[in-house]
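1. please find the sequence and the predicted model below.
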Amino acid sequence: MTLRISGGRKLLSPPGEIARPTASRVRLAVMNLLAPELPGCRWLDLCCGSGVMACEAIQRGAGAVVAIEQDRRIAAIAKANLEAVAQGSPSQSRFWVHCSDVKRWLAKGAGASSDSAGEGAFDLIYADPPYAAGIYGAIAAGVSRGGWLKPNGLMVWECATTKPPMLPAGWQLADQRRYGSTSVMILKLDSAVEDGAATVLVPGRHE
């Protein structure tokens, strides 16, 4: 499979079916939705796979990108792709790739390490775990407990349209879009959580 980001740059693709790159239609839609927030932002890519979303963020002016991938082979591909895009980017973005389980990495907390390793709070967090893994709630909990999202920051979930995850306690659904079998949920932290009870997400009707 040939993997290209907007503008036509070709990227390396993970072999076989060990990763599921985000479809180009979804990538473009997400980047358009987030366009006002991208220049100079700090972008965290959880379960990054080939790194294609992080590459798109760099191409659109993200100031710093951190990508997390637990599979060493795929993490190496993500690093190579990010290196290629960052070298040709006028924004001179910095990036880091960490080979780690996403829940374990989030558990460290944003203040655990120096910024030389890319840690610290983020403006935008993109999470695209295996749809059937059932870890969206754990990701949300890790992000909020660890202080990974800046005030007024956004977390974006890519998920299956047929089975969107529940909206976790402490979060608000800012937007939801459906692109065929893939849906995108944009979440923000709730500044005034009452009762701490999770709200069941009703699938949206946005196209």
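-> Nice, I can see it.
2. tell me the first helix or strand C-terminal of the top helix by length along the chain.
-> When the chain is parsed with DSSP state H, its longest helix is helix 72-87. Downstream of helix 72-87, the first helix or strand assigned by DSSP states H and E is strand 94-99.
3. for that following strand, name the packing helices and strands.
-> Judged by 3 or more Cβ pairs under 8 Å, 6 or more residues apart in numbering; DSSP states H and E, strand 94-99 is in contact with strand 64-69, helix 72-87. For the C-beta atoms, the positions are set from N, CA and C on the backbone; glycine is no exception.
4. among the ones you listed, which is nearest D123?
-> strand 64-69 (9.5 Å; Cβ to Cβ).
5. which SSE is the residue most central in space within the chain in?
-> When the chain is reduced to its mean C-alpha position, the nearest residue by Cα atoms, centre = their mean turns out to be Y126, at 1.5 Å. Here Y126 is covered by strand 122-127, with elements defined by DSSP H and E.
6. got the contact list for that strand?
-> The contact list for strand 122-127 (Cβ atoms under 8 Å, 6 or more residues apart in numbering) reads 30, 34, 37-38, 41-47, 53-54, 57, 62, 66, 102, 136, 139, 143, 148-150, 153-158.
7. any idea how far that strand is from the middle of the chain?
-> Offset of strand 122-127 from its chain centre (Cα atoms, centre = their mean, to the nearest Å): 5 Å.
8. that one: partners in the sheet, and parallel or antiparallel?
-> Strands that pair with strand 122-127, judged by DSSP bridges, come out as strand 42-46 (parallel), strand 149-160 (parallel).
9. I'd like the next helix or strand past it.
-> In N-to-C order, the element after strand 122-127 by DSSP H and E is helix 136-146.
10. and the next helix or strand past the helix or strand bottoming out on mean pLDDT in the chain?
-> Lowest mean confidence among the helices and strands of the chain (mean pLDDT, DSSP states H and E): strand 3-4, at a mean of 66. Moving toward the C-terminus from strand 3-4, the next helix or strand (DSSP H and E) is strand 10-11.
11. chain neighbours aside, what residue packs nearest to S183?
-> With Cβ to Cβ, 6 or more residues apart in numbering as the criterion, S183 has its nearest non-adjacent residue at 4.5 Å, and that residue is T161.
12. burial of that neighbour, as a residue count?
-> Around T161 there are 16 other residues, counting by other Cβ atoms under 10 Å.
13. and it, its phi and psi?
-> Dihedral pair for T161: phi -60, psi -40, per degrees, to the nearest 10.
14. ok, the one 10 residues further on next?
-> With angles defined as degrees, to the nearest 10, W171 shows backbone torsions of phi -130, psi 150.
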